[in-house]
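**Student:** turn this into a structure:
(one chain, ligands or ions: 1)
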Amino acid sequence: MIDITTFEKHALAFELLKRHALIAIIHEVTGIPMKVLRPTYKKMHGRSSKGGRPKESTKGLTRTIKGYQEATLFAVYFKSANTKTDEELVYKVIMAFDIFTSHSQDSQLDFSGAWVIAKEVQKRIVSLIKCPCGAAVLINATEELNDRCLVCKLPHLGSPV
Ligand SMILES: [Zn+2]
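**Tutor:** Numbering: from 1, shown residues only. Here you go, the predicted model:
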């Protein structure tokens, strides 16, 4: 639980609601009760929020090539947001997600997926390496044993970004 003021908490909840984050995540980050968040979501978006929990891991998001590409791209943006500021994780995820969505029209990755990836990048469960061809490769992010570069198809042999 982040040590922030009530005002900041509500402002943050608003930002997360705007980005269609799962209610469970907004509750986890702000501590605001779900029964308060749900009707607010409905008021903002004109429909009920998707229920449920976020994915267990990045692997749940990378079953398709597109999913893997998007996870890698988001991780690149997140990594750069993460090294630049001292802010709390959630603000960096918002920052990176906004950059991601501004560059990727009609992406499958939603805020809740981005949140899962960011947490795993931070815990070093998944990590980014640079392929010799120059492309970023997200490793330990798929069910497959060998992570391969999507650009040159080499198995991961690069150095940490
Ligand atoms: Zn490559």
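
**Student:** dihedrals phi and psi, the residue positioned nearest the centre of the chain?
**Tutor:** For the chain, Ala114 is the residue whose C-alpha lies nearest the centre (Cα atoms, centre = their mean; 1.3 Å). Note on Ala114: backbone dihedrals following degrees, to the nearest 10 are phi -60, psi -40.

**Student:** how near is the nearest residue to it once chain neighbours are set aside to Thr83?
**Tutor:** Distance criterion Cβ to Cβ, 6 or more residues apart in numbering; nearest residue to Ala114, sequence neighbours excluded, is Phe97 at 4.7 Å. Quick note: C-beta positions are derived from backbone N, CA and C, even for glycine. Computed as Cβ to Cβ, to the nearest Å, the Phe97 to Thr83 distance reads 17 Å.

**Student:** please apply the same query to Val137.
**Tutor:** Plainly put, Val137 is 18 Å away from Thr83 if you go by Cβ to Cβ.

**Student:** the two: which is more packed in?
**Tutor:** Using other Cβ atoms under 10 Å as the criterion, Val137 and Thr83 rank with Val137 on top: 26 against 8.

**Student:** contacts only, for the more buried one.
**Tutor:** By Cβ atoms under 8 Å, 6 or more residues apart in numbering, the residues touching Val137 are 72, 128-131, 147-150, 156, 158.

**Student:** near the ion, list only the ones from those.
**Tutor:** Among the contacts of Val137, the residues lying close to the ion (Cβ under 5 Å from the ion) are 131, 149.

**Student:** as CSV, the contacts of Val137 with distance to Leu17 would be great.
**Tutor:** Shown next, in CSV, are those (distance: Cβ to Cβ, whole Å):
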residue, distance to Leu17
Thr72, 27
Leu128, 29
Ile129, 35
Lys130, 36
Cys131, 38
Asp147, 34
Arg148, 38
Cys149, 37
Leu150, 33
His156, 37
Gly158, 38
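
**Student:** by neighbours, which of the contacts of Val137 wins?
**Tutor:** Thr72 (23 neighbours).

**Student:** separation between that one and the ion?
**Tutor:** For Thr72, the distance to the ion (Cβ to the ion, to the nearest Å) stands at 12 Å.
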